[in-house]
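*Asks:* Below: sequence and its predicted model.
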Amino acid sequence: MNHHFETAEFSISKVKTSSTAKLRASVITGFLGSGKTTLVSGILKQPQGERVAVIVNEFGEVGLDHQLVRHVAEDIVLLDTGCLCCALRNDLVETIEQLLERRDDMSIPSFDRILVETSGLAEPGPVVHSFMSEAEIVSKLCFDGVIATADAINFERQVETFSETANQLAFADRIVLTKTDIATAAQVNVVRNRLRSINPGAPIIVSTGAPIHMGELFGAGLYDPVTQVTNVSGWLREEAYATSHAHGHGIRSFCLNLTESIDLVSLTRWLSLLTALHGEEILRLKGIIAIIGEDRPLVIHAIHHLFHPPAFLEKWPYGMKEGRIVFITRNLSEADVRDSMSAYIK
């Protein structure tokens, strides 16, 4: 059966599982002073593991030890660990494309991952959009998730004052809780509970000041391009959404369990309408869905109104036969989402 359904916002083609690209891409976000740059510096200085190319606004912000680096281009430095640090130009897509060109023509050493550090007041959505929608980038990179930092000392004040703090955390696939070595146990517990209410599906990594191993930070994507294995349960983490969560700034998280197979045309129409009307309120959407007439499940992933190209997996993950869609929204209730779905999917 050949499927291809397309609307303004949502298109499904019957394609193989994922990109065969070997290069992974991750994003680091977090509010001002929450420890992003310290985290990036620790990643760059690790003596083993993946070779990472980090894109930052300024080299100086990372605090590199200049005895251990050398310039390989005006805007790129190479560390003795094999990692690269690249200065962000005006356009992120242009920076990534030129970095890939230099890697391919061997004017700079090869690397395994691109890591983009966002500014402290920025929502990571536009950066993730680039990884999900720019054809030249999508063909070469496999998006591996968002890492967010949260400051155990100042988080409570920041999250109440600045909506950007909660928005950044809502996007995260991993959360690094920083400054726990100088916070009280009570502060840490309060912040952990608040983080879970904002984003129950993201594992919380407690940083004590020592470098965090790359294996804890990365591997949050649906697909590992090296092992060519899908990890639906680790990516979806739907068990964390068994109970709906509500947080300040209108952020909610919930999971829709889909006990029946769904007609693909109806699904396409519903998601197209939902994202057209409420795209700005949908921070993250992840799902695995049983489709009528298909033995294999469909995987979907969206940020705001933009969908990563949906794909049919080769088979259902072990122990999973029913569909589910996880939502993290802002000013959009679970009831409203369910009502919109019931209008199209019976």
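*Replies:* Thanks, I have it.
*Asks:* Spit out the contact partners of Arg103.
*Replies:* Taking C-beta atoms under 8 Å, 6 or more residues apart in numbering as the contact definition, Arg103 lies against Ala53, Pro109, Ser110, Phe111. Using the backbone N, CA and C atoms, a C-beta is placed for each residue, glycine as well.
*Asks:* What's the per-residue pLDDT of it here?
*Replies:* Note for Arg103: predicted pLDDT of 91.
*Asks:* In terms of helices and strands, where is it?
*Replies:* helix 92-104 (DSSP states H and E).
*Asks:* and what of Gly120?
*Replies:* Going by DSSP H and E, Gly120 is not in any helix or strand.
*Asks:* ok now do it, which residues does it touch?
*Replies:* Counted by C-beta under 8 Å, 6+ apart, Gly120 has contacts Gly30, Phe31, Leu32, Gly33, Ser34, Lys36.
*Asks:* Where strands are concerned, which of the residues you listed count?
*Replies:* Those of the contacts of Gly120 mapping onto strands are Gly30, per DSSP state E.
*Asks:* Go through the contacts of Gly120 and name the one nearest Leu44.
*Replies:* Leu44 lies nearest to Lys36 out of these, by C-beta to C-beta, at 12.7 Å.
*Asks:* in this protein, what spans have low per-residue confidence?
*Replies:* Within the chain, the segments meeting pLDDT under 70 span 1-21, 48-49, 58-69, 225-228, 247-248.
*Asks:* follow-up on the earlier one: got a ChimeraX select line for the buried ones in the contacts of Gly120?
*Replies:* Listed next is the ChimeraX selection for buried residues among the contacts of Gly120, using 16 or more other C-beta atoms under 10 Å:
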select :30,31,34,36
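*Asks:* Which one of the contacts of Gly120 is nearest to Val176?
*Replies:* Gly30 (7.9 Å).
*Asks:* Thought Ala150 was touching that closest one, still the case?
*Replies:* Yes: if you go by C-beta atoms under 8 Å, Gly30 and Ala150 touch, sitting 6.8 Å apart.
*Asks:* residue ranges for the strands of the stretch 151-300 of the chain, please.
*Replies:* 174-178, 204-206, 223-224, 229-230, 245-246, 251-258, 282-289, 298-303 (DSSP state E, counting those that start in this stretch).
*Asks:* Name the residues linked to Val206 by a beta bridge.
*Replies:* Leu177 (DSSP bridges).
*Asks:* And it, how close does it get to Ile153?
*Replies:* 14 Å (C-beta to C-beta, to the nearest Å).
*Asks:* which one of those two has more residues nearby?
*Replies:* Between Val206 and Ile153, counted using other C-beta atoms under 10 Å, Ile153 has the larger neighbour count: 18 against 14.
*Asks:* wait, what's in contact with Ile262?
*Replies:* Ile289, Ala290, Ile291, Ile292, Gly323, Ile345.
*Asks:* Please report the distance of it from Ile292.
*Replies:* When Ile262 is compared with Ile292 (using C-beta to C-beta), they lie 7 Å apart.
*Asks:* and if you look at Leu169?
*Replies:* Distance of Leu169 to Ile292, given as C-beta to C-beta: 37 Å.
*Asks:* quick one on the thing from earlier: can the strands of the stretch 151-300 of the chain go into CSV with extra columns for distance to Ile198?
*Replies:* Shown next, in CSV, are the strands of the stretch 151-300 of the chain (distance: least, C-beta to C-beta, whole Å):
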stretch, distance to Ile198
strand 174-178, 9
strand 204-206, 11
strand 223-224, 26
strand 229-230, 27
strand 245-246, 8
strand 251-258, 6
strand 282-289, 10
strand 298-303, 16
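*Asks:* Which one of those strands lies nearest to Met132?
*Replies:* So among the strands of the stretch 151-300 of the chain, strand 298-303 is nearest, using C-beta to C-beta, at 6.9 Å.
*Asks:* tell me what the closest one is packed against?
*Replies:* Strand 298-303 sits against helix 125-133, helix 264-278, strand 282-289, strand 311-312, with contacts defined as 3 or more C-beta pairs under 8 Å, 6 or more residues apart in numbering; DSSP states H and E.
*Asks:* go again using 6 Å as the cut-off
*Replies:* Under the contact definition 3 or more C-beta pairs under 6 Å, 6 or more residues apart in numbering; DSSP states H and E, strand 298-303 sits against strand 282-289.
*Asks:* So in that sheet, which strands flank the strand it packs on, and in what orientation?
*Replies:* strand 298-303 (antiparallel), strand 323-330 (antiparallel).
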